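A.B. asks: sequence first, then the predicted structure, then my questions.
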Amino acid sequence: MKKEILFRMESPFRDAFQIIGYRFGSGHKSVAIVGQMRGDEVHQLYVCSQLVSRLKQLEQEGKLLPDHEILVVPSANPFSMHISKRFWAMDNTDINRMFPGYDKGETTQRIAAALFNELQGYDYGVQMASFYIPGDFIPHVRIIRTGYEDVETASLFGLPYVGLRNPLPFDTTLLNYNWQIWETKAFSIYGGQNNQVEGESTTQIVQATLRFMQRVGALRRFQVGVADFRSEVIDASELQSVKTPCAGILFRLKGVGSEVHEGEVIARIIDPYEGDVTAEITAPRQGIIFYAANQPLTLQHTTLFKII
């Protein structure tokens, strides 16, 4: 393993900003993995830390195949994490909306440019990503339709679902999108909660990523876990959102992965002052809860659940 500083930027007020990378093996650029890019992505950082730990062990055991390089970047935005702010503190910009970057542009554009320069040329790119609304997901792989997406390869992770969606105009600045355009097969992994460290979700994602690296020929064969699904391909349009009719305290009755029936009460909204139930949230159809909001306070018209 080689620990490297991939990018360094001096700061007048605190320690220098650094992006650290861990390279395993050498030779052909096989797999690049990126973790935290937003200040609340603790789970994504933790997943990558566990991958670094596991890969160090596998390297010592001789389980890395020769002439293959794996790069893991646990954090691309440590500053925002240090101050518990989701986006860049100075101008509230999102590094994951700045790719492929511009080395003479604003700070986050320069960071994205330096990071993307290190990430180019790999066969496969894996991003531990997060949703814009806080909540829990069933672990799954997500791909943007660019004309270069590879659903068959995405199923090699062995996660329950592979999600496809059409790009919005501003999605052209995402890492996933630009990886694909620059001929890297890119996959975003979702699961667990941003600001929580969860054993079960973490284990499933780490095992899935190791399994994927085995199946694309970057690691030798070894037992990585029993949870190996035949991935179901779903379109984002198939997910039905369930929104709250009013604001209040959210009391969830069902969580991610729960099977629900049409008309079943899956959550209640409580009046924050008087304690009365102001609304009962019911499932609009039979299905499985794919996403569930986890903030105790909710606003009117907030998406609480997505059902597949």
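C.D. replies: Received, thanks. Since the model is a prediction, treat every value here as computed from it, not as a measurement.
A.B. asks: tell me which element residue 89 is part of?
C.D. replies: Residue 89 is part of no helix or strand, with elements assigned from DSSP states H and E.
A.B. asks: hang on, I meant residue 79
C.D. replies: Residue 79 is part of helix 78-82, with elements assigned from DSSP H and E.
A.B. asks: and for residue 99?
C.D. replies: Counting by DSSP H and E, no helix or strand carries residue 99.
A.B. asks: coming back round to it: ok, residues contacting the helix or strand just after the helix holding residue 79?
C.D. replies: Per DSSP H and E, the first helix or strand lying C-terminal to helix 78-82 is helix 107-119. The contact list for helix 107-119 (Cβ atoms under 8 Å, 6 or more residues apart in numbering) reads 6-7, 9, 17, 19, 21, 32, 34, 71, 73, 76-77, 88, 90-91, 93-95, 98-105, 125, 175, 178-179, 184. For the C-beta atoms, the positions are set from N, CA and C on the backbone; glycine is no exception.
A.B. asks: just checking, next helix/strand downstream of helix 107-119?
C.D. replies: Per DSSP H and E, the first helix or strand lying C-terminal to helix 107-119 is strand 124-128.
A.B. asks: helices and strands around that next one, which ones?
C.D. replies: If contacts are counted by 3 or more Cβ pairs under 8 Å, 6 or more residues apart in numbering; DSSP states H and E, strand 124-128 sits against strand 28-36, helix 42-60, helix 175-181, strand 185-192, helix 199-215.
A.B. asks: so for it, mean pLDDT?
C.D. replies: In this model, strand 124-128 has an average pLDDT of 97.
A.B. asks: just want the angle from the helix or strand following it to strand 124-128.
C.D. replies: Using DSSP H and E, the next helix or strand after strand 124-128 towards the C-terminus is strand 135-144. Counting by axes from the mean of the first three to the mean of the last three Cα atoms, to 10 degrees, strand 135-144 points 160 degrees away from the direction of strand 124-128.
A.B. asks: begin at 43 from now on, thanks
C.D. replies: Okay, residue one is now 43; in that scheme the one you just asked about reads as strand 177-186.
A.B. asks: tell me the helices and strands packed up against strand 177-186.
C.D. replies: Partner elements for strand 177-186 (3+ Cβ pairs under 8 Å, 6+ apart): helix 193-196, strand 203-207, helix 217-223, strand 227-234, helix 241-257, strand 329-335.
A.B. asks: now find how far off-centre the longest one is within its chain.
C.D. replies: Mean-position distance between helix 241-257 and its chain equals 13 Å (Cα atoms, centre = their mean, to the nearest Å).
A.B. asks: hmm, who's touching it?
C.D. replies: 72-73, 75, 85, 88-89, 92-93, 96, 112, 166, 168, 170, 181, 198-201, 231, 233-235, 261-264, 266-267, 269-270.
A.B. asks: let's go with 7 Å and repeat that
C.D. replies: Residues from elsewhere that reach helix 241-257 (Cβ atoms under 7 Å, 6 or more residues apart in numbering): 73, 75, 88-89, 92-93, 96, 112, 168, 181, 198-201, 231, 233-234, 261, 263, 266-267, 269-270.
A.B. asks: contact partners for residue 94?
C.D. replies: Residues near residue 94 by Cβ under 7 Å, 6+ apart: 64, 114, 116.
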